[in-house]
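Trainee: Structure, please.
(one chain, ligands or ions: 2)
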Amino acid sequence: MIQYIKDILSGIKNLLLGMKITMINFIRKPITECYPENRGVKVYSPRFRGELIMPHNANNEHKCTGCGICQMNCPNGTITVKTKQVEIGEGKTKKVLDQYLYDLGSCTFCGLCTMGCPQKAIVWSNNFEHSVYRREKLVNQLNREGSKQEEKKPVTPPTVEKKVETPKTEETKDVNPNNQ
Ligand code: SF4
Ligand code: SF4
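Mentor: Ligands and ions are numbered 1, 2, ... in the order given. Predicted coordinates:
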């Protein structure tokens, strides 16, 4: 009989302990993220890799030369770089980027493409909302319609200041005792 009463008291004690933890969590400020309600104010880590993008300047120019290094570096065949030849005058032609295709569906976000790009033409954006109904819609062209490669500014060679040597006067000439 005594053991029976002890068990009931122990059960009531554990019940109250559980209720105490429940009440503490009930009244304290929530620490969960209210997504998508907080979409506009959410802060992401700057290093977060959401998707690959190709930045363009105000003149609709990008930095990609179409060299294809990123395509060769990619272990998944995610990137397809298509180039074309354009005339640049005097009968000369130049290889330029035609289409830069990125298949987000097969990207593992390893970063080998961005790290290997000599022009820093592709970077990561924080956007992670990529839901689509068909996989084909995950293939995006990163260079905009009508865009072209940014003109490189000519590098001005640094000027070297010439040292002007002042001719030695009689007073400043070395005095060598052996010459006397
Ligand atoms: S993104 Fe960079 S590595 Fe890729 S083709 Fe363009 S310049 Fe070359
Ligand atoms: S992050 Fe990796 S998998 Fe994705 S495109 Fe770049 S190299 Fe390919």
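
Trainee: Does Leu101 touch Leu138 like I think?
Mentor: No. Using Cβ atoms under 8 Å, Leu101 makes no contact with Leu138, being 10.9 Å away. For glycine as for every other residue, the C-beta is placed from the backbone atoms N, C-alpha and C.

Trainee: Quick check: what element follows the helix or strand encompassing Lys6 along the chain?
Mentor: Using DSSP states H and E, Lys6 sits in helix 2-27. Next along the chain after helix 2-27, taking DSSP H and E as the criterion, comes strand 51-53.

Trainee: Show residues contacting the helix or strand just after that next one.
Mentor: Moving toward the C-terminus from strand 51-53, the next helix or strand (DSSP H and E) is strand 61-62. With contacts defined as Cβ atoms under 8 Å, 6 or more residues apart in numbering, strand 61-62 is touched by 54-56, 97, 121, 143-144, 147-151.

Trainee: Contact partners for Thr65?
Mentor: Thr65 neighbours (Cβ under 8 Å, 6+ apart): 95-97, 119, 121, 149.

Trainee: Give me the subset of the residues you listed that lies in strands.
Mentor: Residues of those located in strands (DSSP state E): 95-97, 149.

Trainee: Spell out which parts of the protein neighbour ligand 2.
Mentor: By Cβ under 6 Å from any ligand atom, the part of the chain that sits against ligand 2 consists of 52, 73-74, 76, 78-79, 107-113.

Trainee: one step back: of all the residues in the helix holding Lys6, which ones are buried?
Mentor: When neighbours are counted by 16 or more other Cβ atoms under 10 Å, no buried residue of helix 2-27 is found.

Trainee: now swap in stretch 46-53 and tell me
Mentor: 49, 51-52.
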